[in-house]
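J.: only the shape, not the letters, is given here:
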Ligand code: TRP
Ligand code: SF4
């Protein structure tokens, strides 16, 4: 595979391979009080998560940014992102949610008015009902937020057409608004670090792996706008400067660091470098934080490279991707409990063709959409999940039993959820930003 196409409905199978091919890191952080998604391999990869981890562990500020495509109906695949956002909010992150109305207009021909209607009716109400704290969450529209568009056209200067063709596979037929829309997403992800939105701080963007091209683009652009970079040298940790007037700028940075307790800072003007002889790789994050304080005085677009985590895309009940264009593949948060129940009972499982065979060979939970629902959404208890897995494999558990169990949990869950949804309506206006 050459590209990950964020606008296709591809379903990926081999996530480890995908990770290696695109240089995504394996996710193996031990997070405090993390929900099941984090420990079950559903979140399988990351870029730059060390920064956010550092913020969580040291109780430092960090931003959480995600976006919603205002088309179709909200289903359990979307819920997965919000479950993560809620966790980060509980850990102290401030939450910003972009309604991707420009992207929807560019790539799907949805009008801004329609996008607003879908976002409010279908998504935002559900977010609150899923437990996002209205006081600590803001939802804005790409088309309304000036800083997002400003970052798009200003920082777009550091990326060229060849790179866009290489990242996205854009060809001659692409419409120019569509070509521009990834830069808008760069604006979404970076603008929360502007002073107006809370200042430079680590940012986490939890996404499905289909969004990786946008993440790579954003991280590259952020790095290109930095005046300083870091790398290990034999003298110690090197801080390298990219601009003019090295003697003056580095002299000031040296002083800035010394005021913060750095004792061993050596300056090398011809190499445009400071060497921190008593620091090494494991200090990069704290050094970066201290350098950032200084850089921000000179560079309003100095951003910590945003971090992303990647989750597996949930398999639909019919075996293909869970998607609003195939209603039977998805459980929508607005499905009636009875409807949802029916869909689960009809789901594709990893069971064998006949009961006899199933008893003899055992089922295949790793190919089973019902088992996946258990793992991603329905069962918190790890020991019980393991039991389902093992008894499926050894043939003692049959699909009818699983389906009934899943259907009942979902039915109960939806009943409760719909009550919460009604209660959430009043809070919608509190989270919608007017700019
Ligand atoms: N491109 C995303 C999608 O297709 C939506 C989106 C817009 C987004 N801005 C974002 C996602 C910023 C994460 C971060 O669903
Ligand atoms: Fe899936 Fe359960 Fe059937 Fe196993 S027994 S294949 S887990 S539905």
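T.: Happy to help now that I have it. Please read these numbers as outputs of a predicted model, since none were measured by experiment. Ligands and ions are numbered 1, 2, ... in the order given.

J.: and the nearest residue to residue 133 once chain neighbours are set aside, what element?
T.: Using Cβ to Cβ, 6 or more residues apart in numbering and skipping the chain neighbours, the partner closest in space to residue 133 is residue 89 (6.1 Å). The way it works is simple: take the backbone N, C-alpha and C, and place the C-beta from them, glycine included. Residue 89 is located in helix 76-90, with elements delineated by DSSP states H and E.

J.: in that helix, what counts as buried?
T.: Within helix 76-90, the residues that count as buried by 16 or more other Cβ atoms under 10 Å are 76-89.

J.: try stretch 391-406
T.: Quick answer for stretch 391-406 (16+ other Cβ under 10 Å): 391, 392, 393, 395, 397, 398, 399, 402, 403, 405, 406.

J.: tell me if the helix holding residue 89 is near ligand 1.
T.: No. In terms of Cβ under 6 Å from any ligand atom, no part of helix 76-90 sits within range of ligand 1; the closest distance is 8.5 Å.

J.: cool, and stretch 190-210?
T.: Yes. Applying Cβ under 6 Å from any ligand atom, one finds stretch 190-210 touching ligand 1 at 205, 207.

J.: off-centre distance for that stretch?
T.: 11 Å (Cα atoms, centre = their mean, to the nearest Å).

J.: could you pick out which of the buried residues of stretch 391-406 are near ligand 2?
T.: When contact is defined as Cβ under 6 Å from any ligand atom, the buried residues of stretch 391-406 meet ligand 2 at 392, 397, 398, 399, 402.

J.: the third one touches residue 357, doesn't it?
T.: Same thing as residue 398. No. When contacts are counted by Cβ atoms under 8 Å, residue 398 is not listed as touching residue 357 (11.5 Å).

J.: out of the ones next to ligand 2 among the buried residues of stretch 391-406, list just those in strands.
T.: In strands, judged by DSSP state E, none of these are found.

J.: pretty sure the residue nearest to residue 133 contacts residue 137?
T.: Yes. Using Cβ under 8 Å, residue 89 is in contact with residue 137, at 7.2 Å.

J.: any idea how far residue 97 is from residue 63?
T.: 11 Å (Cβ to Cβ, to the nearest Å).

J.: try residue 425
T.: Taken as Cβ to Cβ, the span from residue 425 to residue 97 is 17 Å.

J.: residue contacts, residue 218?
T.: 185, 186, 189, 190, 306 (Cβ atoms under 8 Å, 6 or more residues apart in numbering).

J.: please compute how far the helix or strand hosting it lies from its chain's middle.
T.: In the assignment (DSSP H and E), residue 218 maps to helix 212-225. Distance of helix 212-225 from its chain centroid, counting by Cα atoms, centre = their mean, is 14 Å.

J.: okay, the closest residue to ligand 1 within the stretch 51-200 of the chain: pLDDT?
T.: Closest residue of the stretch 51-200 of the chain to ligand 1, Cβ to the nearest ligand atom: residue 67 (2.3 Å). Note on residue 67: pLDDT of 97.

J.: could you look up the SS state of it?
T.: strand (DSSP: H, G, I helix; E, B strand; the rest coil).

J.: and it, how many neighbours?
T.: The number of residues packed near residue 67 is 21, by other Cβ atoms under 10 Å.

J.: correct me if wrong: it contacts residue 100.
T.: Yes. The criterion here is Cβ under 8 Å, and residue 67 meets it with residue 100 at 4.9 Å.

J.: joint contacts of the two?
T.: Joint contacts of residue 67 and residue 100 (Cβ under 8 Å, 6+ apart) are 185, 188.

J.: which other residues reach the following helix or strand past the helix holding residue 89?
T.: Using DSSP H and E, the helix or strand that follows helix 76-90 in sequence is strand 94-99. With contact meaning Cβ under 8 Å, 6+ apart, strand 94-99 is reached by 61-68, 70, 85, 88-89, 115-116, 119, 123-124, 127, 132, 136-142, 148, 185, 188, 192, 197-198.

J.: stretch 246-266 too?
T.: 227-228, 235-236, 239, 241, 243, 267, 269, 272-279, 290-291, 293-294, 298.

J.: sort out which residues of stretch 165-177 are buried, please.
T.: Residues of stretch 165-177 classed as buried: 167, 168 (neighbour count, 16+ other Cβ under 10 Å).

J.: give the rounded mean pLDDT of that stretch.
T.: Stretch 165-177 comes out at a mean pLDDT of 93.

J.: same check on stretch 269-276?
T.: Mean predicted confidence for stretch 269-276 is 98.

J.: now stretch 249-259
T.: Here the average pLDDT along stretch 249-259 is 98.

J.: from the chain's centre, how far out does it sit?
T.: With Cα atoms, centre = their mean, you get 35 Å for stretch 249-259.

J.: quick revisit: now pLDDT and distance to residue 204 too, for the buried residues of helix 76-90, in a markdown table please.
T.: Below are the buried residues of helix 76-90 laid out as a markdown table (pLDDT from 0 to 100; distance: Cβ to Cβ, whole Å):
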| residue | pLDDT | distance to residue 204 |
| --- | --- | --- |
| 76 | 97 | 21 |
| 77 | 94 | 19 |
| 78 | 96 | 17 |
| 79 | 97 | 18 |
| 80 | 96 | 15 |
| 81 | 97 | 11 |
| 82 | 98 | 14 |
| 83 | 97 | 14 |
| 84 | 98 | 9 |
| 85 | 98 | 9 |
| 86 | 98 | 13 |
| 87 | 98 | 10 |
| 88 | 98 | 6 |
| 89 | 98 | 11 |
